[in-house]
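[1] here is my input, please return the structure:
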Amino acid sequence: MPFALKFGRRPIYILSTALQLGVSVWAAKIQTVADLMLINAFNCFLGSLAEAIVQMTIADLFFVQQRGVTTSIYVWVVVIAISLAPVAAGYITLDQGWRWVWIWVAILLGICLVLFFFFYEETKYIRQIEGRPPTSIIDSNNAYTRPSKRNLIDQSEKKELDDLSVKNGLTHSQSARQPIQPTRKTYIQRLKLWSSSPGSFKALMYHTTQPFFMMLTMPAVAYTALMYGITTACYQITVTVISSYMVRPPYNFTSAEIGLISGIPGFIGTTLSAPICGFLSDRIILWLAKKNRGVYEPEMRLWLMIAFGLFIPTGLLIFGYGLGQGKPWPMIAVGAGIYTFGMTPASSVVLAYATDAYTNIIADAMVGVVFARNVLATIFIFALTPWIDSVGIANVFLTLALIAALFVLLSIVLLIYGKRLRAHTTARYETWSGRQFDTRH
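    The predicted model follows:
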């Protein structure tokens, strides 16, 4: 993440995709348990590199009233990929063998790598309005400071502006009001691999520890990390128990059938909810802002969490009871579909909430969010088998439903007290905003 702030998003996307391609080729040739563990570790690490900067890219490109739709599209694509991958993998395994699953993954990553290299342009920028420098600069000691009202423009810049004014026949006051029109880069220039920002290695290292402090001291970031982590962990648990238990009696599913029941309910649920949530998320904040005398508060997005969030525990209860009691597979599929119908809006709402609440530091905040999500998912997956052996599948999903319901209801607390909690973090937010390499304020 520090390198995405200093050198841009483009090199991180390209590097992550290229290295994952190599790991996929390795996975197709796997021979030992050590290979399996290393491949999983590298895949998680390299995938997290690109995933953590998606919200940065959304914040770079879209206005507040557009982030609900764009974040919903992102979450929809992620869930669709997770849902349909088992479907394709099941048929590939039957027809070509399991190694070809990874070969096809490598082929798709190769296509993505070409698309990223030739069509993804850098979105990192430092906004300068009417020739003024950014509000944060770096002094000679590489410490972040606010510039004084004097000498905002150094002598060389003044001379350049004066020469430009004389050339265009403008007075000094006229030129000061004249916005500077940046020259559009050529296509080859836009393919530059990185766009470096000034700053020392010490300044870069701030961003290795900041995400964890943010997660522990900023309520909006902590809530996003926990809610996003719980919803992702629950989804991974449903996929895991399907593949582990529905190959046994009374179901005796084949690999293709496991892929279908793992993927199709999730595909349907997320496809139904994503467009609704994306549209409502942006429309409702405009409506609420108008009622609030034109003032927008990030907590306004959380009303959708209450509306859609209750589908999460409902789906988990139906799924867990159905599988635990050996009910017909349609009941299990309906439970999984209901869960993803609630999961997609919940994930997109909390991600958009964090982006709106702490836009300038969303890069560091997302590192903490993704880290917490992966840790929670890993803990639940490792504990799953002994947990099920101890209390049974139905009781495991009852517990998960209660945990999910608790975090959904926590959004009510943030609706009431979220603004006050954010106000207490103002000084900290300003300090961390000043340490960004690519300020947006």
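[2] can you show me the strands along the stretch 251-400 of the chain?
    In the stretch 251-400 of the chain, no strands are defined using DSSP state E, counting those that start in this stretch.
[3] what sits against Met366?
    Met366 is in contact with 1, 52-56, 211, 354, counting by CB atoms under 8 Å, 6 or more residues apart in numbering. (Each C-beta comes from the backbone N, C-alpha and C, glycine too.)
[4] highest neighbour count among those?
    Neighbour tally across those (other CB atoms under 10 Å): the maximum, 30 neighbours, falls on Ala354.
[5] output the contacting helices and strands for the helix or strand in which Thr240 is found.
    Assigned by DSSP states H and E, Thr240 belongs to helix 219-245. If you count contacts as 3 or more CB pairs under 8 Å, 6 or more residues apart in numbering; DSSP states H and E, helix 219-245 packs onto helix 67-96, helix 201-217, helix 255-291, helix 311-324, helix 329-357, helix 362-391, helix 393-424.
[6] in a markdown table, list the contacts of Met366 along with distance to Thr183, pLDDT and secondary structure.
    Shown next, in a markdown table, are the contacts of Met366 (distance: CB to CB, whole Å; pLDDT from 0 to 100; DSSP: H, G, I helix; E, B strand; the rest coil):
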| residue | distance to Thr183 | pLDDT | secondary structure |
| --- | --- | --- | --- |
| Met1 | 30 | 63 | coil |
| Ala52 | 32 | 74 | coil |
| Ile53 | 27 | 80 | coil |
| Val54 | 29 | 82 | helix |
| Gln55 | 30 | 76 | helix |
| Met56 | 25 | 79 | helix |
| Pro211 | 36 | 81 | helix |
| Ala354 | 35 | 89 | helix |
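[7] okay if I get those residues as JSON lines plus distance to Ser16?
    Below are those laid out as JSON lines (distance: CB to CB, whole Å):
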{"residue": "Met1", "distance to Ser16": "12"}
{"residue": "Ala52", "distance to Ser16": "10"}
{"residue": "Ile53", "distance to Ser16": "9"}
{"residue": "Val54", "distance to Ser16": "11"}
{"residue": "Gln55", "distance to Ser16": "15"}
{"residue": "Met56", "distance to Ser16": "13"}
{"residue": "Pro211", "distance to Ser16": "18"}
{"residue": "Ala354", "distance to Ser16": "21"}
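[8] now the host helix or strand of Ser16 against helix 362-391, angle please.
    Element membership of Ser16 [criterion: DSSP H and E] is helix 9-28. Here the directions of helix 9-28 and helix 362-391 differ by 30 degrees (axes from the mean of the first three to the mean of the last three CA atoms, to 10 degrees).
[9] need the residues that contact helix 9-28.
    3-4, 35, 39, 42-43, 46-47, 49-50, 53, 56-57, 60, 99-100, 102-103, 105-106, 109-110, 112-113, 116-117, 120-124, 193-195.
[10] for the chain, which spans come out with low pLDDT?
    Across the chain, the ranges flagged by pLDDT under 70 are 1-3, 5, 125-182, 197-204, 206, 435-441.
[11] domain map for it?
    Following automatic domain parsing, one gets these domains for the chain: 2-125+204-434, 130-179.
[12] okay, those, which one's buried deepest?
    Across those, averaging neighbours per residue (mean count of other CB atoms under 10 Å) puts domain 2-125+204-434 on top, at a mean of 19.
[13] what about the helix holding Thr240, distance to the chain center?
    Relative to the centre of its chain, helix 219-245 is centred 14 Å away, using CA atoms, centre = their mean, to the nearest Å.
[14] shouldn't Ile80 be in contact with Gly269?
    No: taking CB atoms under 8 Å as the definition, Ile80 is not a contact partner of Gly269, at 10.5 Å.
[15] contacts only, for the closest residue to Leu351 other than its chain neighbours.
    Of all residues not flanking Leu351 in the chain, Thr71 sits nearest, at 5.1 Å (CB to CB, 6 or more residues apart in numbering). The contact partners of Thr71, taken as CB under 8 Å, 6+ apart, are 55, 58, 278, 281, 348, 351-352, 355.
[16] what's the closest of those to Val247?
    Ser348 (32.8 Å; CB to CB).
[17] packing partners of the helix or strand harbouring Ala50?
    Using DSSP H and E, Ala50 sits in helix 33-51. Helix 33-51 sits against helix 9-28, helix 362-391, with contacts defined as 3+ CB pairs under 8 Å, 6+ apart.
[18] thanks again, I'm all set now.
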